[in-house]
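Asks: only geometry, no sequence info:
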């Protein structure tokens, strides 16, 4: 702390009044800089002439100004200290509160995860609560018994001593003041009983407002400088209003520098026609010390007992919980594939039998899993070998089928139809064989990812152009909702192209001629492509199994519909290679939605998909035979005037006008000549367009 020092020159004569302006300026300077040490001494002043005055005036201002300055200075110092203390308290609170929160969270986490901690802590809390109840009851009973014993002894001794005092006063033959004082003093000192176990003290006081005034030479007397104030008012009132009854009350009286508990027992005595109040005060300090020692013993014994109970609980729960914890660790290792892990079995009790049963179960599971793994490997190897072996004869059969198919016009109608069926089924067989070979690569772990930065919007457009003939065959319009510009993703474009093509073809096949909507969106970590159809849909149970191999929602339907049943399984495996998600949603009669979510960069986890799985109902365009690629742009503001149809310059720079937003909620791209571009048209003739959020 920096001290502020003000040096005030002592005037030559107290009789000369100080200049108020000078004093005020000095006080102001001291107040303005309380934290600056004024080391420079004041300039020497010439001694003032001493006027001829016999003494200094009584109203001199010098001492009062110095006192006011010191008062202001100490007040400022007190404020500074208070501010610093408050700052320290706030800083400590800011550092203490996070520590307390961390400790509470750690205890809560330990409580949730550890059965042993929960059991031991519960046992300790119950033991502490039980001991507190029992200890409080025992302490109360002991205190009451000690007090009642001391009270009975005090009442008995008081009756005896009061009778002795009254007999002494009644038989006294004294008439002068000194004799009366000596008699009262000796009698009360004999009652005080300093040699007894319970130290008695007395207070002897004449009752006020007595009806028969007499000459009293003794008004009051007390031992050890006690006063009548140590007697409770209720006790005094009871003694004054009674006849010769005896009353008592608990009280405290000073002994040296401490207050001791005691019992005050009051009676009336008469001496020379004057009624006196005689109170005997019994010291309970010895009983209080005894009670304190008993309570300390109970407290120490209870603490030791609680610690012993905690140790016993910890040991017992450890013997019970440790095998369970060990079983949990072994179970986790078994679930992770370490099938050789077993529990350590000791003894023959219930826990040992549990460990033996667990080991038997683990051995049985290992045997079954090994058999299934061997069988699966044999099946995979069989499929892979058969697929490879079928490639050569299938190639020969396909070449022969192509020759027959090309020459079908020279055949009679029956042979012509046979050649067409042979060609189509060989194509289907070759597609199924290619899917089997791809599945075998995934099963063997030979599938690798060749990821490169690729524009996924352009890839989706390429897929839409490829499925244009199929869309024309089913009569479904394919629309694209994608953001403006490019979305660069680290991906294997061949595999993503296969996934998207499979999803779009499935949507067209099950869309019942209704529009198919493709949405693309991205956030900071991921990009999502959703393919939505409005066809027959599927139930949640079917959506959960749609990625299973060779699974069909309707096993009875024709084999010409639905492909080989491996397309979505291969798509799911391709998405796993990219650390992505492939999810399905469906509703009977309302269509289905497949969402592919990929990380923007390799080995970057996906936190949230940019598109929701359950699609928003965007509405259906009017029925039309024309398939169009649609890029959605943010709609114009309400009340905006409709612009003219875009011309060639609008198509080239990607701008759209109000006419690009028909009533059905979809925007159609316009080619340079003002007409709409179909899916199958070359990309050079389609408008690049703009895109908004799906």
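Replies: Looks like it arrived, so ask away. The structure displayed is predicted, hence computed values, not measured ones.
Asks: what pLDDT, on average, does the host helix or strand of residue 92 get?
Replies: Here residue 92, judged by DSSP states H and E, is contained in helix 62-113. Regarding helix 62-113, the rounded mean pLDDT is 87.
Asks: next helix or strand past it?
Replies: Following helix 62-113 toward the C-terminus (DSSP H and E): helix 115-170.
Asks: Could you give the average pLDDT over the helix or strand just after that next one?
Replies: Note on helix 115-170: by DSSP H and E, the next helix or strand toward the C-terminus is helix 177-192. Averaging pLDDT along helix 177-192 yields 85.
Asks: and if you look at stretch 362-381?
Replies: Averaged over stretch 362-381, pLDDT sits at 82.
Asks: Same check on stretch 205-223?
Replies: Here the average pLDDT along stretch 205-223 is 75.
Asks: oh, and call the first residue 24 from now on, that's how I've got it
Replies: Fine by me, first position is 24 from now on; the one you just mentioned is stretch 228-246.
Asks: ok and the helix holding residue 115 relative to helix 138-193, angle-wise?
Replies: Orientation check (axes from the mean of the first three to the mean of the last three CA atoms, to 10 degrees): helix 85-136 against helix 138-193 gives 130 degrees.
Asks: can you give me how far helix 85-136 is from the chain middle?
Replies: Relative to the centre of its chain, helix 85-136 is centred 28 Å away, using CA atoms, centre = their mean, to the nearest Å.
Asks: what do you get for stretch 275-283?
Replies: With CA atoms, centre = their mean, you get 54 Å for stretch 275-283.
Asks: Show me what counts as buried in that stretch.
Replies: 276, 283 (16 or more other CB atoms under 10 Å). C-betas here are computed from N, CA, C, even on glycine.
Asks: Can you name every helix or strand that the helix holding residue 115 contacts?
Replies: With contacts taken as 3 or more CB pairs under 8 Å, 6 or more residues apart in numbering; DSSP states H and E, helix 85-136 sits against helix 43-55, helix 138-193.
Asks: Next, name the residue at the spatial heart of this protein.
Replies: The centroid of the chain falls nearest to residue 128 when counting by CA atoms, centre = their mean (7.7 Å).
Asks: ok, how many other residues are close to the residue lying closest to residue 546 once chain neighbours are set aside?
Replies: Excluding the flanking residues, the one nearest residue 546 by CB to CB, 6 or more residues apart in numbering is residue 633, at 4.6 Å. Residues lying near residue 633 (other CB atoms under 10 Å) number 22.
Asks: and residue 633, helix, strand or coil?
Replies: coil (DSSP: H, G, I helix; E, B strand; the rest coil).
Asks: show me the contacts for it.
Replies: Residues counted as contacts of residue 633 (CB atoms under 8 Å, 6 or more residues apart in numbering) are 544-546, 549-551, 620.
Asks: about what we covered before: which residues touch the residue nearest to the centre of the chain?
Replies: Counting by CB under 8 Å, 6+ apart, residue 128 has no contacts.
Asks: looking at the helices and strands packed on helix 85-136, which one has the lowest mean pLDDT?
Replies: Across the helices and strands packed on helix 85-136, the lowest-scoring stretch is helix 43-55, with a mean of 41.
Asks: Okay, and which of the contacts of residue 633 map to strands?
Replies: 544-545, 549-551, 620 (DSSP state E).
Asks: now the longest strand anywhere in the chain against helix 200-215, angle please.
Replies: For the chain, the strand that runs over the most residues, judged by DSSP E, is strand 281-294. Strand 281-294 runs at 130 degrees relative to helix 200-215, counting by the same axes, to 10 degrees.
Asks: what packs against the helix or strand that strand 281-294 is followed by?
Replies: Reading on from strand 281-294 to the C-terminus, the next helix or strand found by DSSP H and E is strand 297-306. Contact here means 3+ CB pairs under 8 Å, 6+ apart; on that basis strand 297-306 packs against helix 138-193, strand 223-229, helix 256-264, strand 270-278, strand 281-294.
Asks: Tell me how far the helix or strand just after strand 297-306 lies from the chain's centre.
Replies: Next in sequence after strand 297-306, counting helices and strands by DSSP H and E, comes helix 308-358. Distance, stretch centre to chain centre, for helix 308-358: 30 Å (CA atoms, centre = their mean).
Asks: neighbours of residue 153, just the number please.
Replies: That count, for residue 153 with other CB under 10 Å as the rule, works out to 14.
Asks: Could you do residue 372 as well?
Replies: Around residue 372 there are 10 other residues, counting by other CB under 10 Å.
Asks: This completes my enquiry, with thanks.
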